[in-house]
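Undergrad: I'll drop the sequence and a predicted model, then ask my questions.
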Amino acid sequence: MTTADDPRAVELAELARHVYVWLRDNDLPGLPGLKGRPPSDFHMHAGIYRKVERGSLPGTTVRFWDDPEEERRLRAHGLGVSHVLLSADPEFEVASGSAFARGGPRWTHENEVLVKGDLSRPGAVVIEYPVLDSRRADADTLRHVRYASFAGLLDRVDLVWDDLEEALRVRVQERYRWLFDYARPRTEYAKPVSSITPLESDVSELEFRRYMYRYATYSERRRVRDEGGSYYPKWREPRPLDKRHRDYRPTKLSSEYLRECWHEHVLQKDRSYLLIEQPDITMLYLLSLEGGDALRPARLDVKEVLRFSDHRWSGDARSTRPPIWAVIFHAIDGARSLPAQLPPRGRMELRSRSAGRHAYDYRASVRWFYGDAVGLPPDDDKAWFELFADTLFPDLVYPIDRAFANSEHGTFSLDELAYDFFGTEKLREAINRKVTALFPAHEIDEFTELFWQRVQTWREQEGARGDEAGF
């Protein structure tokens, strides 16, 4: 500790006092349930955010299950961090009080934030044994001081290979989860994001592509001259159908995924922050004190900056038992602005003309008709299609078994089935019945012929070739 640490300790201690007072009447943004918690429920330390000195870190500072093999995998790709939050030396502790007193002595740790008096009065909170501005992020410090970095892998979903369980872990929006009902591999999505088409008719094609570019495994475009939007696999295993090959850890993830999804959030310098660590969630807040003069009492402003949460997070901290781990700190080094929750991926032209092929989500029709009573295995495409045909076209007879004769894993392409069926009189009769139900009598023949000819045009231009990219 040096005299340089004292002013920072006083500043952070006063900020911590305002935090405790603010929590009496307010919930932290995005973390409901801590309102009204007393200071005794918190285990708070002070810290400092520093740029890592060159050569101090031979590899990444992020610990993946404390597994050296996982860390070696990241180091092999040159993945690491530039800034760290330094809090306290866990080996430093001082006994205060008599060893013969009731309960024995109290052990005080470096940079520990303690309440010593009435929180309504300045000076009620102190930082014991502060080591703050004088601390540097060099090799020696990083060997013995507890530190953290705001870096890691951004979650992306692989539309070709991921199942619903992984989609839930990544927290894919509910409106797109129907996609994971379909059997893997979904080769229709192993192409540039500007070419993928949603199956749901009520989903905007452009909106769908924008969402998948941001949250699925499509390569990043940083500048106009960069190429981007191409599909890349998430997993190292070429055909990760077995769940063992889809364990979310660096040794199971593809090199493309590691390079594309590694990101460090660098904090804005000369600002103060509060880090709250809870089971399944970590929250970072920007703290700003306004006023505090003879005319205006000091007012604390708390702004959510970053959220790192597991899909198991309940969304409520009221059931959390103390101690609640927290670090209040100042960023001496850092960036010029606050980090974004997700890094920018550059503008892409996601509008493109359809090649004339339109996919149809027959599962959506079955779910619409039966609701929750479908009762079919999610990976049995054949059963879903048979129920679709039997339910919506009960008077049509068409053999579909041969479409599955040479298929793998019980999945199939509809190319041959569609080409043959769409040329039959049975389809023409079905079109006529539909037109009869929708149009006035004098327009039935005209529109039956119109829709029939459009189907035949499709058969001539595309149907005979099949779906060259896979269905």
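TA: On my side now, so go ahead. Numbers count the residues shown, from 1 in each chain.

Undergrad: how many other residues sit next to A437?
TA: 8 (other CB atoms under 10 Å). Where C-beta positions appear, they are placed from N, C-alpha and C, glycine not excepted.

Undergrad: use 43 as the first number for this chain going forward.
TA: Renumbered: residue one is now 43, and that last one reads A479.

Undergrad: please, which helix or strand holds it?
TA: Under DSSP states H and E, the secondary-structure element containing A479 is helix 467-480.

Undergrad: packing partners for the next helix or strand after that helix?
TA: Scanning forward in sequence from helix 467-480 by DSSP H and E, the next helix or strand is helix 486-500. The contact analysis (3 or more CB pairs under 8 Å, 6 or more residues apart in numbering; DSSP states H and E) places helix 486-500 against helix 467-480.

Undergrad: tell me the buried residues in the helix it packs on?
TA: The neighbour-count check on helix 467-480 (16 or more other CB atoms under 10 Å) flags 469-470, 472-474, 477 as buried.

Undergrad: now swap in stretch 197-211 and tell me
TA: Buried residues in stretch 197-211 (16+ other CB under 10 Å): 198-205, 208-209.

Undergrad: scan this structure for its longest helix.
TA: In the chain, with assignment by DSSP state H, the single longest helix is helix 47-64.

Undergrad: so which bits of that one are buried?
TA: Within helix 47-64, judged by 16+ other CB under 10 Å, the buried ones are 47, 50-64.

Undergrad: ok, stretch 83-90 next?
TA: Under 16+ other CB under 10 Å, the buried positions of stretch 83-90 are 84, 86-90.

Undergrad: average pLDDT for stretch 345-356?
TA: Stretch 345-356 carries an average pLDDT of 75.

Undergrad: residues contacting stretch 285-300, please?
TA: Defining contact as CB atoms under 8 Å, 6 or more residues apart in numbering, one finds that stretch 285-300 is touched by 106-107, 109, 111-112, 115-116, 119, 121, 195, 198, 203-205, 208, 211, 259, 261, 274-279, 282.

Undergrad: just the closest of the buried residues of helix 47-64 to V155, please.
TA: A58 (5.1 Å; CB to CB).

Undergrad: that closest one and G89 touch, don't they?
TA: No. Counting by CB atoms under 8 Å, A58 does not reach G89; the two are 11.7 Å apart.

Undergrad: now list whatever residues contact both of the two.
TA: I370.

Undergrad: give the other helices and strands that the longest helix of the chain contacts.
TA: Going by 3+ CB pairs under 8 Å, 6+ apart, helix 47-64 lies up against strand 84-93, strand 154-157, strand 167-170, strand 314-320, strand 323-332, strand 341-351, strand 366-373.

Undergrad: what residues are up against F222?
TA: For F222, counting by CB under 8 Å, 6+ apart, the contacting residues are 204-206, 209, 214.

Undergrad: between all of those residues, which two are separated the most?
TA: D205 and V214 (11.3 Å).

Undergrad: once you drop chain neighbours, what's closest to E485?
TA: Setting aside the residues directly before and after it, E485 is nearest to V477 in space (CB to CB, 6 or more residues apart in numbering), at 7.9 Å.

Undergrad: which residues touch the one you found?
TA: 485-486, 489-490, 493.

Undergrad: and the pLDDT for A447?
TA: For A447, pLDDT reads 47.

Undergrad: I figured S407 hits F430, correct?
TA: Yes. The pair S407 and F430 passes the contact test of CB under 8 Å, sitting 5.8 Å apart.

Undergrad: who has more neighbours, the two?
TA: Neighbour totals were compared for S407 and F430, and F430 leads with 18 against 15 (other CB under 10 Å).

Undergrad: okay, domains of this structure per the record?
TA: Here the domain parsing of the chain from automatic domain parsing is 47-192+307-373, 206-300, 404-505.

Undergrad: now V497: how far from L469?
TA: 7 Å (CB to CB, to the nearest Å).

Undergrad: export the buried residues of stretch 197-211 to JSON lines and tack on distance to F250 and secondary structure?
TA: Below are the buried residues of stretch 197-211 laid out as JSON lines (distance: CB to CB, whole Å; DSSP: H, G, I helix; E, B strand; the rest coil):
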{"residue": "R198", "distance to F250": "16", "secondary structure": "coil"}
{"residue": "V199", "distance to F250": "13", "secondary structure": "strand"}
{"residue": "D200", "distance to F250": "16", "secondary structure": "coil"}
{"residue": "L201", "distance to F250": "11", "secondary structure": "coil"}
{"residue": "V202", "distance to F250": "16", "secondary structure": "coil"}
{"residue": "W203", "distance to F250": "19", "secondary structure": "coil"}
{"residue": "D204", "distance to F250": "17", "secondary structure": "coil"}
{"residue": "D205", "distance to F250": "20", "secondary structure": "coil"}
{"residue": "E208", "distance to F250": "19", "secondary structure": "helix"}
{"residue": "A209", "distance to F250": "15", "secondary structure": "helix"}
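
Undergrad: nearest to P339 among those residues?
TA: Nearest to P339 among the buried residues of stretch 197-211, with distances taken as CB to CB, is R198, at 46.3 Å.

Undergrad: if we ignore the residues flanking it in sequence, what's nearest the closest one?
TA: Counting by CB to CB, 6+ apart, T259 is the residue found nearest to R198 once chain neighbours are left out, at 5.0 Å.
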